[in-house]
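> Sequence isn't available, so here's the structure alone:
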């Protein structure tokens, strides 16, 4: 398989690690009055705006995680019910940041069933977000960069204090950092969110080894090879750190993803790690609800003829992603025999050719070690390998190993759990095996684009993997 736009969607072992939370070291809370308890319950130390910023006290709502008070916030009902307008209320604190330090805002949020937030999607209904924002030195301050997380909306479970945290790095030129809790009310809906035991930590940001050119998309996309709909985006909401990020969306052409990549010399047995921050947002064309678009980070290994010999990938954005939040993801891959090049890819896949966009920023790619290649699997365990290519059209190959002769079944299911077809059903000898699926049902009819699962069953094991068909 040559290095082409669709060819590079072949996948092997998937390994994902999502980084979250603050360092284990003890931290000093920078926030004043973090539990809203000063003077018997107050917003002392916080600035507030809007009419929906209240307190929860023992003689009132009495929804408190610790101590004698908590924050309560709800919508302001501007121009309701006739001509509602989008309103924002909230509270926050401001500090002087140190460039290069990470600032993490966290705490606990709560939604009560007695004052629930209605809705069917996050972007069009009430929500409370926690946000870290950096401003420059201009009069009034222009927003340089930010990160946010939804801590209360229509999906939030009732009656439990749920921890949250959001963090980002102070960019050069930042003169002020604000930690904000913002209640966004697009319509006239009811509902409130409670917050307690907040914190703001600052800590040093580790230096990440990186062979990429222009990993943070300074000024433009220089250094990256691009295909499809990929653009530089310097708007403040669309970047994690200045001056910009890469925006990707569908090509609206079947079997044709959008993407960016860089490639480097690599040896057999070398271990590579690809990390990145990614986001989709309510501000512009979110991937949410039933939208099938997704974005992946992928390491691809190529031989001397630029033929793909292996890969590893992880989904970094899809319809389950937290809107507005720059999530961090990693994928690790080991170069198989014959590798002469390792490439770092970000790919935007649109199975149903829908609208919706995603952004990527602060990408890192580095060799983190070396090892023997293709170690022998446990002789007692079956091995089901990732189908190649993946996504695929019209056919894909599935390889598997079985440790002992016996009855084997290999089946394909759709996302609802309905059987699509059976590829293997009978006795096989021990060792490696290979089958091909042509994207058709057992009766011969072609299946639609989408996600499917293939399941290997032996007398002692059941293993499954995911694959994607793009028509």
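Great, that's in hand. Keep in mind the model is a prediction, meaning the values are calculated, not measured.
> For the rest of this, base every contact and every neighbour count on C-alpha atoms.
Will do.
> Quick one: mean pLDDT for stretch 106-124?
Here stretch 106-124 scores 93 as its mean pLDDT.
> Oh, that last question was meant for stretch 210-217, not what I typed.
pLDDT averaged over stretch 210-217 gives 97.
> which of the residues in that stretch are buried?
Residues 212, 214, 215, 216, 217 are the ones in stretch 210-217 that count as buried (16 or more other C-alpha atoms under 10 Å).
> from those, which is closest to residue 127?
Nearest to residue 127 out of the buried residues of stretch 210-217 is residue 216 (C-alpha to C-alpha; 29.8 Å).
> who's in contact with the closest one?
241, 242, 243, 244, 245, 361, 362, 363 (C-alpha atoms under 8 Å, 6 or more residues apart in numbering).
> Help me confirm that the second one comes into contact with residue 234.
Yes. Using C-alpha atoms under 8 Å, residue 242 is in contact with residue 234, at 7.5 Å.
> re the thing from before, scan the contacts of residue 216 and report the most crowded one.
residue 245 (30 neighbours; other C-alpha atoms under 10 Å).
> so what's it bridging to?
residue 233 (DSSP bridges).
> now it: how far from residue 48?
According to C-alpha to C-alpha, to the nearest Å, residue 245 and residue 48 sit 32 Å apart.
> Tell me where the model's unsure across this protein.
1-26, 373-380, 416 (pLDDT under 70).
> picking up where we left off before, out of the contacts of residue 216, which are inside strands?
Using DSSP state E, 245, 361, 362, 363 are the members of the contacts of residue 216 that sit in strands.
> The second one contacts residue 275, correct?
No. Using C-alpha under 8 Å as the test, residue 361 is too far from residue 275 to be in contact (9.9 Å).
> Run through the bridge partners of the closest residue to residue 30 other than its chain neighbours.
In space, and not counting its chain neighbours, residue 30 is closest to residue 200: 5.3 Å by C-alpha to C-alpha, 6 or more residues apart in numbering. For residue 200, the beta-bridge partners are residue 105 (DSSP bridges).
> Residue 200: how many residues sit nearby?
With other C-alpha under 10 Å as criterion, residue 200 counts 22.
> How about the contacts made by it?
29, 30, 31, 103, 104, 105, 106, 179.
> Surely the last one forms part of a strand?
The one in question is residue 179. Yes. According to DSSP: H, G, I helix; E, B strand; the rest coil, residue 179 belongs to a strand.
> Can you name the residues bridging to it?
With DSSP bridges as the rule, residue 179 is bridged to residue 93, residue 132.
> was I right about it contacting residue 134?
No. Between residue 179 and residue 134 there is no contact under C-alpha under 8 Å: 9.1 Å.
> who has more neighbours, the two?
Higher neighbour count among residue 179 and residue 134: residue 134, with 29 against 25, using other C-alpha under 10 Å.
> Give me the three-state assignment for the more buried one.
Classified using three-state DSSP, residue 134 is strand.
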